[in-house]
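Asks: model this:
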Amino acid sequence: MMRSHYCGSLNRNHIGQEVTLSGWVHKRRDLGGLIFIDLRDREGIVQVCFDPKFQEALTAAVSLRNEFCVQIKGEVIARPDNQINKNMATGEVEVLAKALSVYNASDVLPLDFNQNNTEEQRLKYRYLDLRRPEMAQRLKTRAKITAFVRRFMDDHGFLDIETPMLTKATPEGARDYLVPSRVHKGKFYALPQSPQLFKQLLMMSGFDRYYQIVKCFRDEDLRADRQPEFTQIDVETSFLTAPEVRAIMEEMIQGLWLNTIGVDLGKFPVMTWKEAMDRFGSDKPDLRNPLEIQSICDLVREVEFSVFKEPANDKGGRVAVIRVPNGASITRKQIDEYTQFVGIYGAKGLAWMKVNDINAGLEGIQSPIAKFLNEATIKAILDRTSAQSGDILFFGAGKWQTTTDALGALRLKLGRDLGLTRLDEWQPLWVIDFPMFERDDEGNLAAMHHPFTSPKDFSPEQLEADPTSAVANAYDMVINGYEVGGGSVRIFDPKMQQTVFRILGIDETQQREKFGFLLDALKFGTPPHAGLAFGLDRLTMLLTGTDNIRDVIAFPKTTAAACLMTDAPSFANPQALEELAIAVVKKGE
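Replies: Now for the predicted structure:
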């Protein structure tokens, strides 16, 4: 027998028992006549004592170093009262080693387990990095999450059905990863950005409750919470309304938080996209931050200050303000830094107003813009924001989207900088009623979610006549400022689907070429259906308290979409390329 117990499972109930442990040397201490090691496996660490009573084991232990892989046979004994370690789960006991076997020695380690290593080092030697207790715990939590999800979905009548990895390229918002076909030379499969069309086809096939924990692939620029390959908890239902879908998924996430970290999230509030953008400057608002944005267009339409007056009178403009309680102590240097910060989001400046004494009228106000505003306007702004002595107001003015984005980002930064964001809380919500379409960089209409999302209370004729007024029957789940899942009611009317394609500039030829199978399927008694997908990586990130998605993926890619451990991607074998009828050419050739 190579193991009878895990190291981290030992406690006072095991005192007097003979155990066999297998794991890695986490730490070694030579006290002359005694040698102690901390032995580690995936479940934790236990102290092992080598005593002269068992001289052969003690002699063998002299050669041990960190990360030697060993087997220990011995007896669980109680630690003396003055040596109990309350910071360890196994801190009341230790193992008196009677026999030691070394499975494998370890070379000098390229990682220092007691220091902060660079992320490049951690990713290159990922198999060593994953031995660290905090990393092992994250992957154990991830396994616990997927086990809970599978139990929940099974209990609620959902079927786990696989969908293809090699499929047809369809426009879903990002570049596809393409896979060349050897059999069909010159043709390519695409790795799925999501199983969107297949899960809709499963609804058309009569499987009214589907789920899958599935890999998805998107060739896009990366950041801390994005990977080229990621995992979704993918869900689709038939004959359920959007509120019914949300209720089931909310129950699952409530149960997941309670089961994983013992937190009751309570009932999720529901907020429209418009309210979220107006009040918080984001479609994924962090409600732990108490600061809010307030529009004041109606208060400044008649002022002489053109910076406020022009956007206030522009249908596509916005003038808004954030009140920061007790923020009057913010220095001019800090204000200049915040002004530079909002410039990142396209804002041309950041006006401010300190309220030194609310009862002193204009005399109690300190602001470079006060001279451009009359007393009545300033009073109206102070009343609108419920300003008090000691507060500061920050103003944004310009195009609606730019101003909203800039103030939304400033709100988050102020919350962090001033310690206003309540980091010990959980604040979930649903955001609903997104715009059906948005403008891309070229000014063309694009689907805000995806082109299979149904509009809310619009006929195909109404949608075609006025697409920018349409509201999507879509919903996102947001927790602490992270979008953890999103979905929608899908289009199940072929006429509506073709209308959406036309609005997006996809002509009938392209519709047949890219989506002919979907349009055909929609003709044969398609049921109303709705679904949602959660980002498993992001859920795990939140539940394990890290802010980097790479910390919860066993073998992640860098921000350059590379694997430092395996050196992927790599150049292909020329013979393999020849079989695929592919030639690699240099840029400009």
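Asks: CA atoms only for the biggest helix by length in the chain, dumped as PDB, please.
Replies: In the chain, assigned by DSSP state H, the helix with the most residues is helix 133-155. In PDB, the C-alpha atoms belonging to helix 133-155 read as follows (Å, rounded to 0.1, in the frame of the first residue of the first chain):
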ATOM      1  CA  PRO A 133      -1.200  24.700  -1.300                       C
ATOM      2  CA  GLU A 134      -3.100  27.900  -2.500                       C
ATOM      3  CA  MET A 135      -3.000  26.700  -6.100                       C
ATOM      4  CA  ALA A 136      -4.100  23.200  -5.200                       C
ATOM      5  CA  GLN A 137      -7.000  24.700  -3.200                       C
ATOM      6  CA  ARG A 138      -8.200  26.700  -6.200                       C
ATOM      7  CA  LEU A 139      -8.300  23.700  -8.400                       C
ATOM      8  CA  LYS A 140     -10.000  21.600  -5.700                       C
ATOM      9  CA  THR A 141     -12.600  24.400  -5.400                       C
ATOM     10  CA  ARG A 142     -13.100  24.400  -9.200                       C
ATOM     11  CA  ALA A 143     -13.800  20.600  -9.000                       C
ATOM     12  CA  LYS A 144     -16.200  21.200  -6.200                       C
ATOM     13  CA  ILE A 145     -18.000  23.800  -8.300                       C
ATOM     14  CA  THR A 146     -18.400  21.600 -11.300                       C
ATOM     15  CA  ALA A 147     -19.600  18.700  -9.100                       C
ATOM     16  CA  PHE A 148     -22.300  20.900  -7.600                       C
ATOM     17  CA  VAL A 149     -23.400  22.200 -11.000                       C
ATOM     18  CA  ARG A 150     -23.800  18.700 -12.300                       C
ATOM     19  CA  ARG A 151     -25.800  17.600  -9.300                       C
ATOM     20  CA  PHE A 152     -28.000  20.700  -9.500                       C
ATOM     21  CA  MET A 153     -28.700  20.400 -13.200                       C
ATOM     22  CA  ASP A 154     -29.400  16.700 -12.900                       C
ATOM     23  CA  ASP A 155     -31.900  17.400 -10.000                       C
END
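Asks: what strands flank the next helix or strand after that helix, and is each parallel or antiparallel?
Replies: Remark: after helix 133-155, the chain's next helix or strand is strand 159-160, criterion DSSP states H and E. Note on strand 159-160: by DSSP bridges, its sheet partners are strand 209-217 (parallel).
Asks: dump the C-alpha coordinates for the partner strand into CSV.
Replies: Only the C-alpha atoms of strand 209-217 are listed here, as CSV (Å, rounded to 0.1, in the frame of the first residue of the first chain):
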residue,chain,number,x,y,z
ARG,A,209,-33.5,21.2,-20.8
TYR,A,210,-29.8,21.0,-21.9
TYR,A,211,-26.6,21.8,-20.2
GLN,A,212,-22.9,21.2,-20.9
ILE,A,213,-19.6,22.2,-19.2
VAL,A,214,-17.8,22.9,-22.4
LYS,A,215,-14.6,24.4,-23.8
CYS,A,216,-15.0,27.5,-26.0
PHE,A,217,-12.4,29.3,-28.2
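Asks: so it versus helix 133-155, what angle?
Replies: Calculated by axes from the mean of the first three to the mean of the last three C-alpha atoms, to 10 degrees, strand 209-217 forms an angle of 150 degrees with helix 133-155.
Asks: show me how far strand 209-217 is from its chain's centre.
Replies: What separates the centre of strand 209-217 from the centre of its chain is 17 Å, taken as C-alpha atoms, centre = their mean, to the nearest Å.
Asks: next: stretch 578-585.
Replies: Centroid separation for stretch 578-585 versus its chain: 38 Å, with C-alpha atoms, centre = their mean.
Asks: stretch 429-441 now?
Replies: On C-alpha atoms, centre = their mean, the centre of stretch 429-441 falls 19 Å from the chain's centre.
Asks: in that stretch, what's buried?
Replies: Residues 429, 430, 431, 432, 433, 434, 435, 436, 437 are the ones in stretch 429-441 that count as buried (16 or more other C-beta atoms under 10 Å). The C-beta positions use only the backbone N, C-alpha and C, and glycine is treated the same way.
Asks: in contact with the last one, which residues?
Replies: If I follow you right, that is residue 437. Residues in contact with residue 437 (C-beta atoms under 8 Å, 6 or more residues apart in numbering) are 445, 446, 447, 448, 467, 468, 470, 503, 504.
Asks: helix, strand or coil for the residue in the chain sticking out farthest from the centre?
Replies: Relative to the C-alpha centroid of the chain, counting by C-alpha atoms, centre = their mean, residue 53 is the outermost residue, at 53.8 Å. Put simply, residue 53 is helix when judged by DSSP: H, G, I helix; E, B strand; the rest coil.
Asks: mind checking pLDDT for the closest residue to it other than its chain neighbours?
Replies: Distances taken as C-beta to C-beta, 6 or more residues apart in numbering put residue 96 closest to residue 53, at 7.8 Å, once the chain neighbours are dropped. With respect to pLDDT, residue 96 has a value of 98.
Asks: so who does residue 96 touch?
Replies: The contact partners of residue 96, by C-beta under 8 Å, 6+ apart, come to 48, 49, 51, 53, 54, 74, 75, 76, 77.
Asks: distance of residue 230 from residue 122?
Replies: Remark: distance between residue 230 and residue 122 (C-beta to C-beta, to the nearest Å) = 19 Å.
Asks: typed the wrong thing, it's residue 478
Replies: On the measure of C-beta to C-beta, residue 478 and residue 122 end up 30 Å apart.
Asks: mind checking which of these two has more residues around it?
Replies: Between residue 478 and residue 122, counted using other C-beta atoms under 10 Å, residue 478 has the larger neighbour count: 24 against 20.
Asks: just list whatever residues bridge to the more buried one.
Replies: Bridge pairing for residue 478 (DSSP bridges) gives the partners residue 429, residue 483.
Asks: isn't it up against residue 432?
Replies: No - contact between residue 478 and residue 432 fails when scored by C-beta atoms under 8 Å: they sit 10.9 Å apart.
Asks: so where's the stretch 51-200 of the chain uncertain?
Replies: 171-173 (pLDDT under 70).
Asks: which of the residues in stretch 196-205 are buried?
Replies: Residues of stretch 196-205 classed as buried by neighbour count (16+ other C-beta under 10 Å): 196, 197, 198, 199, 200, 201, 202, 203, 204.
Asks: now the second one: which helix or strand?
Replies: If you go by DSSP H and E, residue 197 is part of helix 196-204.
Asks: where do the strands sit along the stretch 251-400 of the chain?
Replies: Under the criterion DSSP state E, counting those that start in this stretch, strands of the stretch 251-400 of the chain are mapped to 270-272, 293-295, 317-324, 351-355, 365-366, 391-399.
Asks: got CSV for those strands, with mean pLDDT, distance to residue 105 and mean neighbour count too?
Replies: Below are these laid out as CSV (pLDDT from 0 to 100; distance: least, C-beta to C-beta, whole Å; neighbours: other C-beta atoms under 10 Å):
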stretch, mean pLDDT, distance to residue 105, mean neighbour count
strand 270-272, 98, 58, 16
strand 293-295, 98, 61, 19
strand 317-324, 98, 59, 23
strand 351-355, 97, 64, 22
strand 365-366, 94, 69, 18
strand 391-399, 97, 61, 23
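Asks: list only buried entries from the contacts of residue 437.
Replies: Among the contacts of residue 437, those buried by neighbour count (16+ other C-beta under 10 Å) are 445, 446, 447, 448, 467, 470, 503, 504.
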